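In: Using only what follows, build the 3D model:
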Amino acid sequence: MKLYNWPMAPNPRRATIFVAEKGIDIEIVNAGDPENPSRLSPDFCHRFPHRRVPVLELDDGDWIAEAPAICRYLETLYPDNSLMGRDAREAAQIEMWDRVAEWEGLMAVSEYFRNTHKAFAGRGVAGYANEVPQIPELAERGQFRLGLFFSKLDTQLDDREFIVGDRFSFADITAYCAIAFGTSRRLAVADDCPNVTRWYEAVDARPGVSAAA
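Out: Purely as a prediction, here's the structure:
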């Protein structure tokens with residue numbers, strides 16, 4: 001198997017952190033264009049019309065896209081050290097918070113980034129071969145949404161070490177990737193969210209997270 005990554009993007013980092021935390025030995029391939037790191041390579045886009053990362057290429061040539069689907073597949077193959085839930089209730093809670101972190105955190109940062117960065121002019125939404133214009137108002141909305149996500153996450157972490165109980169999970173990975181990318185775009189965690197700051201620093205120090213940087 002090969003896992004296609006794009007080091008500059010937060011979404012494929014969800015998969016690379018998952019692989020590192022699970023200790024899975026898998027080839028990781030940079031899907032970026034060597035001549036223009038702000039774009040995926042033409043070869044990748046030709047081979048995988050999904051045109052987004054991550055992509056997991058299977059040994060028979062078939063492929064799976066989207067980080068949650070890839071990680072669910074790998075969790076089934078490598079069930080030890082579960083990051084997707086040990087029972088039905090925990091699995092549902094992890095999936096719920098993963099979706100919250102993706103849609104309210106990661107997508108909020110994406111709205112801001114894709115609609116402000118000069119290198120992404122005409123690429124306001126990922127995955128399209130056609131031009132998609134940037135919309136400044138969406139950047140403003142993304143920044144606003146991210147603030148709401150910080151507050152929601154801070155409340156959830158008020159009496160918890162991790163987002164779902166006392167174990168690191170895929171939900172933590174997604175939320176971490178959203179916040180790490182936001183921080184890189186100067187969208188720092190709000191000062192009135194100390195639980196998020198405490199949790200983020202703990203996750204950032206994990207060996208698996210550092211290995212997938």
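
In: helix, strand or coil for the residue sitting furthest away from the middle of the chain?
Out: Here the centre of the chain is the reference, and by C-alpha atoms, centre = their mean the most remote residue is residue 60, at 26.3 Å. Of the three states, residue 60 takes coil according to DSSP: H, G, I helix; E, B strand; the rest coil.

In: show me what contacts it?
Out: If a contact means C-beta atoms under 8 Å, 6 or more residues apart in numbering, then residue 60 has no contacts. Every residue, glycine included, has its C-beta placed from N, CA and C.

In: Next, work out how far apart it and residue 1 are.
Out: 10 Å (C-beta to C-beta, to the nearest Å).

In: got it, and residue 9?
Out: Counting by C-beta to C-beta - residue 9 and residue 1 are separated by 20 Å.

In: In contact with residue 187, which residues are there?
Out: 109, 112, 143, 146.

In: 10 Å instead, please
Out: Residue 187 makes contact with 108, 109, 112, 113, 142, 143, 146, 147, 150, 178, 179, 181, according to C-beta atoms under 10 Å, 6 or more residues apart in numbering.

In: Can you tell me which of the residues you listed is nearest residue 190?
Out: Lowest distance from residue 190 to the contacts of residue 187 (C-beta to C-beta) belongs to residue 150, with 4.9 Å.

In: Packing partners of the helix or strand hosting that closest one?
Out: In this structure, residue 150 is located in helix 136-156 according to DSSP states H and E. With contacts taken as 3 or more C-beta pairs under 10 Å, 6 or more residues apart in numbering; DSSP states H and E, helix 136-156 sits against helix 88-100, helix 107-114, helix 170-184, helix 194-204.

In: got the angle between the first one and helix 136-156?
Out: Right, helix 88-100. 150 degrees (axes from the mean of the first three to the mean of the last three C-alpha atoms, to 10 degrees).
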